[in-house]
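**Q** Predicted coordinates and the sequence they were generated for:
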Amino acid sequence: MVSNSMSQKVEPKRLRLFTHCFLPIMLMLSAAFFIGSAFVITDYKETILGWGSIITLQYKRSIGCKVQCKPNGSEMLPEGIISQTSNLEMQSLWGPKNKKNPKLSMNLLAIAVGMKQKESVNKIIKKFPESDFVLMLFHYDGIVDKWKDLEWNDQPIHVSAVNQTKWWFAKRFLHPDIVTEYAYIFLWDEDLGVENFNAKRYVSIIKEEGLEISQPAIDPGKSELHHPLTSRESKTRVHRRTYTKIGRTKCDGNSTGPPCTGFVEMMAPVFSRASWRCAWHMIQNDLVYGWGVDFQLGYCAQGNRTQNIGIVDAEYVVHNALPTLGGAEADKEPLTTHESHGRSEVRRLSYVELETFKRRWKKAVEKDECWIDPYQ
């Protein structure tokens, strides 16, 4: 009985203690929990929404930036800092910068040269005024210092590599992105007589005629003529076709390709910047003589090769046809046994490369299912 009465007295005390002490604390903790949860959920939602906005913005930006075609390797750079092209202008190490703007008027003359043709090269260079042309000399005999006595020697860029051809140099040092600022690229041999040639008038003519690829006509009376199409016609300013019979091919007004029309020789071609960009890609890195390329240059004529390729009769040259590669004297003295062997090897390899280029062209046409021949 005593124990029962004592337990009855204790129960109300525990109840009052729970009601007055623990219950308010639990209610306060619960309220704090729910209020804190609300803040956490709100913050979480805001975070989710924030990241969603960022993702949406990046997605929209990526869609807009897909139209930008950055050069390979520059994708991690901001577009405005990318300098994709260059030129051959030399800059002073001190003083004012060169203010010439090659985009407006400058052209490029590049020649493969050797000491034996120094006099001939000197005459050619003097026909190309510094105000309109950047000069580049490819020294295939490795001799550079012996040109210093010429007054213009500091004007050109000199590149030296022993026993290399003009096309070897051109493939490596005249990349289209380097020469893109020049309106026309003259890629000449050194054995040309230029008594009847004026470079400024020549540029004026090819601009007016819309010639993307051209060459000065060859004086047939003083030159070794390889192709009838390049022979000078005395009564015209420019001609684009020949009407003679060449081997089994009868050239007439209906002819649409080489050797009757749409053709220049590789000794003195002149390219527009657009046609050179195409031709540079056609030149094979390991085929250094360029044989065979001349017959396919029509594909780089930026349109109709029978109209955009031509021979300039008003400004013509003499082709002396001196076989300098392989060993030959400028005055055509008899070759030594070593020089004769070297020259015969050059000739042999030229024909080998011609056949190699033909095979590569045929194979490329067969494999490229998307390519359509515009002349077929």
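**A** Looks like it came in fine.

**Q** so where's the longest strand in this protein?
**A** Secondary structure of the chain per DSSP state E: the longest strand is strand 309-319.

**Q** Give the pairing partners of that one; include direction for each.
**A** Note on strand 309-319: by DSSP bridges, its sheet partners are strand 192-193 (antiparallel), strand 213-218 (parallel), strand 238-239 (antiparallel).

**Q** send the alpha carbons of it over as CSV?
**A** In CSV, the C-alpha atoms belonging to strand 309-319 read as follows (Å, rounded to 0.1, in the frame of the first residue of the first chain):
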residue,chain,number,x,y,z
ILE,A,309,45.6,30.9,-117.2
GLY,A,310,47.5,32.8,-119.9
ILE,A,311,50.8,33.8,-121.5
VAL,A,312,51.7,37.5,-121.4
ASP,A,313,53.2,38.5,-124.8
ALA,A,314,53.7,42.2,-124.1
GLU,A,315,56.3,41.3,-121.4
TYR,A,316,58.5,38.5,-122.5
VAL,A,317,61.7,36.8,-121.6
VAL,A,318,64.5,34.7,-123.1
HIS,A,319,64.9,31.2,-121.7
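
**Q** Check the offset of that strand from the chain's centre.
**A** Between the centre of strand 309-319 and the centre of its chain there are 26 Å (Cα atoms, centre = their mean, to the nearest Å).

**Q** as a whole number, average confidence for the following helix or strand past it?
**A** Remark: after strand 309-319, the chain's next helix or strand is helix 337-367, criterion DSSP states H and E. Averaging pLDDT along helix 337-367 yields 87.

**Q** what comes up buried for helix 337-367?
**A** 339, 342, 343, 346, 349, 350, 353, 354, 356, 357, 361 (16 or more other Cβ atoms under 10 Å). C-beta: built from backbone N, CA, C; applies to glycine.

**Q** what's near enough to touch the fifth one?
**A** Meaning residue 349. By Cβ atoms under 8 Å, 6 or more residues apart in numbering, the contact list for residue 349 reads residue 289.

**Q** Make 322 the first number, not 1, from now on.
**A** Got it, the first residue is 322 from now on, which makes the last one we talked about residue 670.

**Q** What's the separation between it and residue 608?
**A** Distance check for residue 670 against residue 608: by Cβ to Cβ, to the nearest Å, it reads 10 Å.

**Q** And the helices in the stretch 472-621 of the chain?
**A** 487-494, 497-500, 520-530, 594-603 (DSSP state H, counting those that start in this stretch).

**Q** Can you show me the strands along the stretch 472-621 of the chain?
**A** Using DSSP state E, counting those that start in this stretch, the strands found in the stretch 472-621 of the chain span residues 478-481, 505-509, 513-514, 534-539, 559-560, 566-567, 570-571, 591-593.

**Q** quick one: low-confidence ranges for this structure?
**A** Applying pLDDT under 70 to the chain picks out residues 322-389, 418-426, 645-662.

**Q** any idea how far residue 609 is from residue 484?
**A** From residue 484 to residue 609 the distance is 10 Å (Cβ to Cβ).

**Q** Name the residue in these two with the higher neighbour count.
**A** Using other Cβ atoms under 10 Å as the criterion, residue 484 and residue 609 rank with residue 609 on top: 21 against 13.

**Q** from what I can see that one touches residue 671, true?
**A** No - judged on Cβ atoms under 8 Å, residue 609 makes no contact with residue 671 at a distance of 9.3 Å.

**Q** For residue 393, give its distance to residue 497.
**A** Distance, residue 393 to residue 497, by Cβ to Cβ: 15 Å.

**Q** Look at these two and report which has more neighbours.
**A** Counted by other Cβ under 10 Å, residue 393 and residue 497 do not tie: residue 497 has more neighbours, with 16 against 6.

**Q** give me every residue that touches that one.
**A** So residue 497 contacts 594, 597, 598, 601 (Cβ under 8 Å, 6+ apart).

**Q** Turn those into JSON lines, columns for neighbour count and distance to residue 536.
**A** Putting the contacts of residue 497 into JSON lines (neighbours: other Cβ atoms under 10 Å; distance: Cβ to Cβ, whole Å) gives the following:
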{"residue": "594", "neighbour count": "17", "distance to residue 536": "17"}
{"residue": "597", "neighbour count": "26", "distance to residue 536": "14"}
{"residue": "598", "neighbour count": "18", "distance to residue 536": "19"}
{"residue": "601", "neighbour count": "19", "distance to residue 536": "17"}
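
**Q** what's the closest of these to residue 534?
**A** Comparing the contacts of residue 497 against residue 534 with Cβ to Cβ places residue 597 closest, at 8.8 Å.

**Q** how close does the residue nearest to that closest one when sequence neighbours are not counted sit to residue 594?
**A** The shortest distance from residue 597 to any residue other than its chain neighbours is 4.9 Å, reached at residue 506 (Cβ to Cβ, 6 or more residues apart in numbering). Separation of residue 506 from residue 594 (Cβ to Cβ): 7 Å.

**Q** now what about stretch 434-447, what contacts it?
**A** Under the contact criterion Cβ under 8 Å, 6+ apart, stretch 434-447 has outside partners 430, 432, 456, 458-462, 464, 467-468, 471, 473, 477, 509, 511-515, 641, 643, 645, 649-651.

**Q** among the residues you listed, which ones are buried?
**A** With burial judged by 16+ other Cβ under 10 Å, the buried subset of the contacts of stretch 434-447 is 430, 432, 456, 458-462, 468, 477, 509, 511-515, 641, 643, 645, 649, 651.

**Q** Surely residue 406 touches residue 503?
**A** No - the pair residue 406 and residue 503 fails to qualify as a contact (Cβ under 8 Å) at a distance of 10.9 Å.

**Q** Who has more neighbours out of those two?
**A** Neighbours were counted for residue 406 and for residue 503 using other Cβ under 10 Å; residue 503 has more, 24 against 12.

**Q** so the residue lying closest to that one once chain neighbours are set aside, which of the three states?
**A** Nearest residue to residue 503 in three dimensions, chain neighbours excluded: residue 429, at 4.3 Å (Cβ to Cβ, 6+ apart). Under the three-state scheme (DSSP: H, G, I helix; E, B strand; the rest coil), residue 429 adopts strand.
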